[in-house]
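> starting from these lines, generate the structure:
(one chain, ligands or ions: 1)
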Amino acid sequence: MAIINENYLKLPGSYLFAEIARRVDAFKNENPDADIIRLGIGDVTKPLVPAIINALHKAVDEMSAEETFRGYGPEQGYDFLAKKIIEHDYKGLDIKADEVFISDGAKSDTGNIQELFGLDNVVAVTDPVYPVYVDSNAMAGRIGNYDKDAGKWTNLVYLPCTAENNFIPSLPDKKVDMIYLCYPNNPTGTTLTKDQLKVWVDYARENKAVILFDAAYEAYITEKDIPHSIYEIEGARDVAIEFRSFSKNAAFTGTRCAFTVVPKSVKAYTGDGEAVDLNRLWNRRQTTKFNGVPYIVQRGAEAVYSGEGQNQIAETIKYYMENARIIREGIESTGLKVFGGVNAPYIWLKTPDGYDSWQFFDKLLKEVHVVGTPGVGFGPSGQGYFRLTAFGSRENTIKAIKRIKSLKF
Ligand code: PLP
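Numbering: from 1, shown residues only. Reported below is the predicted structural model:
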């Protein structure tokens, strides 16, 4: 008899996006002519830029000739891409090519990384949170049971990030071992300064904890004191793993390429207290379970770092960030409190008095036909907040904001 991993049964259904789709469909059935604008999407809408497309075409042609054909590549990724990543993203930060693992996505890597850790580790996440960190630990059986009423896992440490603490998580009052941080943050669009991030690096060093730092939105940082990499913080090399992705900076959401940096100096411990390199374990994990990103795709990712590629993706990012400005300023003008949207493509707003996240969702959908994402779907501290994204078209963004401004709260 095959026995299942019962931890899967503890997972609440993927309620958020299913529920959004259900409400939008019900509304559409009753109002077939309504022009619905979606500012809830986390996917990009601008296509791959020409520099990347040219590199992809060239690599496709290489695959057609015996001399240039590539079969299985290194599971960790090709050196040509790892070198570009180091030169460009980690200049002066003392990261080596064999500390970079190229993969098919930050989603898979942030979901898989927990396999390296024992089940007794105490996990901390900021709240609200990108759900992959939580669900992957739940599947492994590391965070207890889901308490439906509280909307919380019984053994997970939640670090609330709300307007009250300026979205700066406080150190936990109980000792934690694995800490997920995501900056610039999805869903709040907020960031930490170097000093604020240093508090966490120091905590991890003092407590022999590991920080799992998701920097998927790094390319959207516009302000000066905001770290692009956790390795800009002194001491982080010994305690942090960093996840990056080509999805949001270069439109690889469908093409799939990302990377994870695991410095050789990052350690976790055996039950007897012996230090073990996580780089070695991640290498073992990847070489066993992953067969690398396609050569063609890695050549496309390499083109992100060419002069042309850099200029072209900068244009796209500028376009989304102009959308972010339009949303932020538009919402602010209604008197609502707005966060994010300066160093991230996400705008996080406080819902008006008397509206929780879902009530505000319904009001926007029914009265002005705009779809966003209820904050409570990202965790209990998201209640009373709402997420809009800057990944839509300019035309739709302007139209949606004009409609929201016409609302009476
Ligand atoms: N990390 C965060 C915080 C995200 O918001 C997303 C996608 O929305 C991802 C990772 C996934 O990235 P990828 O497309 O590389 O899997």
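
> for residue 219, the count of nearby residues, please.
By the criterion of other C-beta atoms under 10 Å, residue 219 has 24 neighbours. Where C-beta positions appear, they are placed from N, C-alpha and C, glycine not excepted.

> how about it: what's its closest non-neighbour residue?
Spatially, and ignoring its direct neighbours in sequence, residue 219 is nearest to residue 249 (3.5 Å; C-beta to C-beta, 6 or more residues apart in numbering).

> any figure for the gap between the one you found and the ligand?
As judged by C-beta to the nearest ligand atom, to the nearest Å, residue 249 and the ligand stand 10 Å apart.

> what's near enough to touch that residue?
Contacts of residue 249 were listed using C-beta atoms under 8 Å, 6 or more residues apart in numbering, and they are 218-220, 304, 313, 317.

> and for residue 109?
Contacts for residue 109 (C-beta under 8 Å, 6+ apart) come out as 101, 103, 243, 258, 260.

> was I right to think the second one contacts residue 289?
Spelled out, it's residue 103. No - with the criterion set as C-beta atoms under 8 Å, residue 103 and residue 289 do not qualify as a contacting pair; they are 11.0 Å apart.

> more crowded one of these two?
Neighbours of residue 103 and residue 289, each counted by other C-beta under 10 Å, are more numerous for residue 103; the result is 24 against 11.

> which intervals of the stretch 51-200 of the chain have sub-threshold pLDDT?
Low-confidence segments of the stretch 51-200 of the chain, defined by pLDDT under 70, are absent; every residue clears the threshold.

> report whether the longest helix belonging to the chain contacts the ligand.
The residue-count maximum for a helix in the chain (DSSP state H) belongs to helix 307-332. No - Helix 307-332 stays out of contact with the ligand when judged by C-beta under 6 Å from any ligand atom, the minimum separation being 13.5 Å.

> name the helices or strands packed onto that helix?
Counting by 3 or more C-beta pairs under 8 Å, 6 or more residues apart in numbering; DSSP states H and E, the packing neighbours recorded for helix 307-332 are helix 50-62, helix 247-250, strand 338-340, strand 346-350, helix 394-405.

> can you list the domains in the protein?
Segmentation of the chain into domains, based on automatic domain parsing, reads 9-47+308-405, 53-306.

> as CSV, those domains with distance to residue 1 would be great.
What follows is these, written out as CSV (distance: least, C-beta to C-beta, whole Å):
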stretch, distance to residue 1
domain 9-47+308-405, 16
domain 53-306, 20
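
> show me which residues of the protein sit near the ligand.
Taking C-beta under 6 Å from any ligand atom as the test, the list of the chain residues beside the ligand reads 42, 105-107, 110, 130, 182, 186, 214, 216, 245, 247, 253, 258.
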